[in-house]
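Engineer: Build me a model:
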Amino acid sequence: MKLYLVQHGEACSKETDPHRPLTEQGKEDAKRLSEFLKRAGVKVDRVLHSGKLRAAQTAELLANAIAPDVELEESGLINPNDNPKAFDWQSESWDRDTLIVGHLPFMTKLVSHLLIEDENKPITAYQPGSIVCLERKNSHWQINWMIRPELLR
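Structural biologist: Numbering: from 1, shown residues only. Have a look, this model is predicted:
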C-alpha cells in the first residue's frame, strides 16, 4: 500500500484573499505534478484533503489525472496544526493506495511519525506543491521518493 502525501500548491496570502485559493503558480505546479504522476502510472483509490480551499483545489487537480472516478473525501484530521497520531490511528485499516493533500506543519509531522514515530524530528523538506510517496511493507513505512515542484518546471 502506498501513501502519496502532498502539501497543497502555492496559495494566495490571507491579505490578498482570506479564502487562500491557489495562485497561478500553485495551479501550474499541481498540473505539472498531475501530468508527471499520470505518465508514471500512479493511480490511487482514495483521495483525502483538509477541506481548506487550497488543499481541495490541489486534490482535485491531482485526482483528475490519477483518480478520475474517485470521490474526494474531506478529513477534519489533517489541518495545519493537527496531531498526526490522531490521523494515524486509522492507518492499520488502510488497504488502498491513497492521496492525502494537506498543510505544513502537519504533513512533515505525519511523515516523521509514520517513519520514525517522532513527529518532532522533521525528515522531509516540503515546499508548496511537494509530494512524498511512502510505502508500507511488513507493517513498516518507508520513503519511496519525493518530488518538489522546481524539479518539474
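Engineer: use CA for all of it now, contacts and neighbours both
Structural biologist: Noted.
Engineer: wait, what's in contact with Arg39?
Structural biologist: When contacts are counted by Cα atoms under 8 Å, 6 or more residues apart in numbering, Arg39 is found next to no other residue.
Engineer: and the strand or helix carrying Lys85, how far from the chain's centre?
Structural biologist: Of the helices and strands defined by DSSP states H and E, Lys85 is found in helix 84-88. Helix 84-88 has its C-alpha centroid displaced from the chain centroid by 15 Å (Cα atoms, centre = their mean, to the nearest Å).
Engineer: Quick one: name whatever helix or strand follows that helix.
Structural biologist: Next along the chain after helix 84-88, taking DSSP H and E as the criterion, comes strand 98-102.
Engineer: which residues touch that following strand?
Structural biologist: Strand 98-102 is contacted by residues 2-8, 44-50, 55-56, 58-59, 78-80 when judged by Cα under 8 Å, 6+ apart.
Engineer: Which neighbouring elements make contact with the helix or strand that it is followed by?
Structural biologist: Past strand 98-102, heading to the C-terminal end, the next element that is a helix or strand (DSSP H and E) is helix 106-116. For helix 106-116, the contact count by 3 or more Cα pairs under 8 Å, 6 or more residues apart in numbering; DSSP states H and E identifies strand 2-7, helix 84-88, strand 140-147 as packing neighbours.
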